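Trainee: Just the structure for this:
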Amino acid sequence: MENGISTVVFDFGGVLIDWNPRYLYRKLLRDEPEVEWFLANICTSEWNAQQDAGRSMREACELLVAEHPEHEEMIRAYYDRWEEMIAGPIDGTVEILRRLRETPVGLYGLTNWSAETFPVARQKFEFLNWFDGIVVSGEIRMIKPDPAIFHHLIESFDIVPEQSVFIDDSSPNVETARSIGFRGIHFEDPDQLRRALEQHGIHLNDDND
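Mentor: As a prediction, this is how the structure comes out:
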């Protein structure tokens, strides 16, 4: 392709899949301030990241319940009702992915995701089967933005970073990718992504073209 791009690498949550624990806890807690307090102080993003890095859901919940027994019901809901955190696909990005399948580029996924919950997402979303390869952090016990997980991706699929675009909604992840040689796109929304891809020489056809 133009500019020598041979590969596009996608993050999943926040880019292709609308996942947010608030979708669940807005059903369970009284108001938005209580939801925000709970996610900032009990089931935190740092706690969730440990599962993305390979810790089991069972161990994670037992440790947190022991620390905060007064919140046991809400803690256990995090994984008992985990699917309710998924609103659905981000349709505009899925359409971009579909268009990319019509081009010569290789398509890969690099996601911070629990090894236990990712199979649920894979069954739920057919487009996760469109990739030539996927690295799931929880399966290999590495996690973005650690450079090691990027090198694992590179070595597993013979990816040339300088010929690859990496898309993620996390700035630290994009910065790490860029430091390794990837052309990084900090995802904001599908329209911005399409424009950014065009800047890298990837032009997507529309149905009426």
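
Trainee: and the host helix or strand of residue 172, average pLDDT?
Mentor: Here residue 172, judged by DSSP states H and E, is contained in helix 171-180. In this model, helix 171-180 has a mean pLDDT of 98.

Trainee: And residue 96, how far from residue 195?
Mentor: Using CB to CB, to the nearest Å, we find residue 96 at a distance of 11 Å from residue 195. In this view, the C-beta of every residue, glycine as well, is placed from N, C-alpha and C.

Trainee: Which one of these two is surrounded by more residues?
Mentor: More crowded of residue 96 and residue 195, by other CB atoms under 10 Å: residue 96, with 22 against 10.

Trainee: That one: what's it in contact with?
Mentor: For residue 96, the contacting residues are 190, 193-194, 197, 204, by CB atoms under 8 Å, 6 or more residues apart in numbering.

Trainee: redo that, cut-off 10 Å
Mentor: Residues in contact with residue 96, defined by CB atoms under 10 Å, 6 or more residues apart in numbering, are 8, 10, 15-16, 90, 167, 190-191, 193-194, 197, 202, 204.

Trainee: Buried ones in stretch 40-56, by neighbour count?
Mentor: Neighbour-count burial for stretch 40-56 flags 42-43, 47-48, 50-55 (criterion: 16 or more other CB atoms under 10 Å).

Trainee: Using the record's assignment, carve the chain into domains.
Mentor: The chain breaks down by automatic domain parsing into domains covering 2-16+90-199, 20-85.

Trainee: Mean neighbour count, the ones you listed: which tops it?
Mentor: Ranked by mean neighbour count, the domains of the chain are led by domain 2-16+90-199 with a mean of 18 (mean count of other CB atoms under 10 Å).

Trainee: returning to that earlier point: looking at the buried residues of stretch 40-56, which are in strands?
Mentor: Residues of the buried residues of stretch 40-56 located in strands (DSSP state E): none.

Trainee: ok now stretch 105-113, how far from the chain's centre?
Mentor: Chain-centre distance of stretch 105-113: 9 Å, with CA atoms, centre = their mean, to the nearest Å.

Trainee: All set, thanks.
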